[in-house]
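[1] Okay, here's the prediction I keep looking at, along with the sequence it came from:
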Amino acid sequence: MKTQVLIIGGGPSGLLLSQLLYTRGIDSIVLERKTKDYVLGRIRAGVLERGLLDLMREAGVADRMEKEGFPHDGTLISYDDEIFRVDFSEHTGHAVMVYGQTEVTRDLYEAREKANGKIEYNVENVVIHDADSDAPYVTYDIGGEARRVDCDFIAGCDGFHGVSRQAIPLDVRKEYEKIYPFGWLGILSETPPVNHELIYANSSRGFALCSMRNENLSRYYIQCSLSDSPDDWTDEAFWEELKRRIPADQAEKLVTGPSIEKSIAPLRSFVTEPMRWGRLFLCGDAAHIVPPTGAKGLNTAASDVHYLYNGLRDFYENNSSEGIDTYSQKALARVWKAERFSWWFSSLMHRFPDQTDFDYKIQLAELEFLRENEAAQKAMAENYVGLPY
Ligand code: FAD
Ligand code: DHB
């Protein structure tokens, strides 16, 4: 087979890129290791920045999101007995949208299917060949049959555990990593959200986050030990712990119920450089991971897609390679700012096992400064709604 852009990975990055390219008549094939149902079964991000909303509109997949998503103009932050609000709209003129990654992915799959886009599921043994030449190709197995696709470009959208990043030689690639000494235990429950906006809580028992997907679907997280497993936590134990970490008036009105999903995510900051090698381009989690505090993972994947899509458009429509030549540099400049924000917000909101009294006092001082200072709130709001592309 032959295509213009071979996309490895049918998560949000790969699907969005494929759909955007389609709107400009650029052909692509998506290779996905799992089934569609498996991809849709993963509960992940929930907050979309304005840049991603614009990309969804440009890709022609924003209708359901505009109808069913929930614009949020601000967020609550609590510590000890204090609670304050950061108003995104007032400080930036922009809001964010609560609309789950599952829904984004579902809308993209639907659009690709409607357009007869080619997605190969259950592929195995994907191997990238000659990425540093003008004639790259990819081989893989599907249903016991070996296949080969020749292409102009390869987009590595295959997440943190994919093969694309590993295809860049070690003497070219540099990786930066920070592992945090805790995880997030998250549950999804068919209960009304405790509050109409998110609550990020720094408590003496550790971090908690009250989030949502819709009026009757809540997403809650609590900081947990890395040695915990979801089975260690009954629903009752989860609700009790959450109540102890959020302000008392919120805990009182919390509606609890059975969890319909429960999982633990480790927290990690990771960046690989460069994000391009020859005709191979990395996008999203294949190139970088942020700790989830501040919901930058999916949104940073989207900004990569924006830069790559525009670079490829420039190549095919204007015969210019400037966009693809500057892809890595442009994407990484924004990635590092999202890394910084996620690291800062994670450091501010969690209790660290080795935290000294001094460290805690500094954390408190920073929270107080954020509560009292307009400039600090504006800086936070600008990062939260998403820095411009
Ligand atoms: P992925 O979503 O990982 O998609 C990559 C796809 O490639 C997958 O479908 C995978 O099956 C496929 N693939 C992998 N290897 C191969 C291969 N060899 N061949 C073919 N296909 C392959 N972000 C937030 O903003 N907020 C959150 O609350 C949040 N929670 C998260 C919870 C968890 C458990 C995880 C893992 C991530 C979370 N994230 C969150 C991050 C966010 O979900 C990711 O940033 C986002 O999914 C990145 O999209 P992606 O398409 O780049 O990668
Ligand atoms: C969600 C996750 C986050 O990491 C975050 O900062 C906000 C919301 C969520 O899953 O809803």
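    Received the coordinates, thanks. Numbers count the residues shown, from 1 in each chain. Ligands and ions are numbered 1, 2, ... in the order given.

[2] Do you know the pLDDT at the spatially closest residue to Leu217 that is not a sequence neighbour?
    Spatial nearest neighbour of Leu217, excluding adjacent residues (CB to CB, 6 or more residues apart in numbering): Glu190 at 6.0 Å. (Each C-beta comes from the backbone N, C-alpha and C, glycine too.) Looking at Glu190, its pLDDT is 98.

[3] tell me, how many neighbours does Glu190 end up with?
    Neighbour count of Glu190, defined by other CB atoms under 10 Å: 13.

[4] Enumerate every residue touching it.
    Contact analysis of Glu190 by CB atoms under 8 Å, 6 or more residues apart in numbering lists 216-217, 257-258, 260.

[5] I'd like to know how far it sits from ligand 2.
    Glu190 sits 15 Å away from ligand 2, going by CB to the nearest ligand atom, to the nearest Å.

[6] Could you export the contacts of Glu190 to TSV, including columns for distance to ligand 2, secondary structure and neighbour count?
    Output for those, formatted as TSV (distance: CB to the nearest ligand atom, whole Å; DSSP: H, G, I helix; E, B strand; the rest coil; neighbours: other CB atoms under 10 Å):
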residue	distance to ligand 2	secondary structure	neighbour count
Asn216	15	coil	13
Leu217	10	strand	16
Gly257	17	coil	14
Pro258	19	coil	9
Ile260	14	strand	11
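
[7] pull the CA atoms of stretch 97-110 into CSV?
    Extracted C-alpha coordinates of stretch 97-110, given in CSV (Å, rounded to 0.1, in the frame of the first residue of the first chain):
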residue,chain,number,x,y,z
MET,A,97,-14.4,23.0,28.0
VAL,A,98,-15.3,20.0,30.1
TYR,A,99,-15.7,17.2,27.5
GLY,A,100,-14.0,13.9,28.0
GLN,A,101,-11.2,12.4,25.9
THR,A,102,-13.4,9.4,25.3
GLU,A,103,-16.0,11.7,23.6
VAL,A,104,-13.3,13.5,21.6
THR,A,105,-12.0,10.1,20.4
ARG,A,106,-15.5,8.8,19.6
ASP,A,107,-16.3,11.9,17.5
LEU,A,108,-13.1,11.5,15.6
TYR,A,109,-13.6,7.8,14.9
GLU,A,110,-17.1,8.6,13.7
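
[8] Wondering if it reaches ligand 1 at all.
    Yes. Stretch 97-110 lies within reach of ligand 1 by CB under 6 Å from any ligand atom, at Gln101.

[9] again, but for stretch 67-86
    No. Stretch 67-86 lies apart from ligand 1 when judged by CB under 6 Å from any ligand atom; the minimum separation is 13.8 Å.

[10] now the helices for the stretch 51-200 of the chain?
    Here the stretch 51-200 of the chain has its helices, by DSSP state H, counting those that start in this stretch, at 63-68, 88-92, 101-114.

[11] now those as TSV including mean neighbour count?
    Putting these into TSV (neighbours: other CB atoms under 10 Å) gives the following:
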stretch	mean neighbour count
helix 63-68	13
helix 88-92	18
helix 101-114	19
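
[12] So for ligand 2, which of these sits nearest?
    Evaluated with CB to the nearest ligand atom, the helices of the stretch 51-200 of the chain place helix 101-114 nearest to ligand 2, the distance being 8.2 Å.

[13] what's the burial count for His196?
    His196: 11 surrounding residues under other CB under 10 Å.

[14] confidence score at it?
    For His196, the predicted pLDDT is 97.

[15] Quick one: residues contacting it.
    Applying CB under 8 Å, 6+ apart to His196 gives no contacts.

[16] Look at the residue nearest to Leu367 when sequence neighbours are not counted and say how many residues are nearby.
    Using CB to CB, 6+ apart and skipping the chain neighbours, the partner closest in space to Leu367 is Tyr79 (4.8 Å). Tyr79 has 22 neighbours, counted by other CB under 10 Å.

[17] in what helix or strand does whichever residue of the stretch 101-250 of the chain sits closest to ligand 2 lie?
    Closest residue of the stretch 101-250 of the chain to ligand 2, CB to the nearest ligand atom: Ser211 (3.2 Å). Assigned by DSSP states H and E, Ser211 belongs to strand 206-214.
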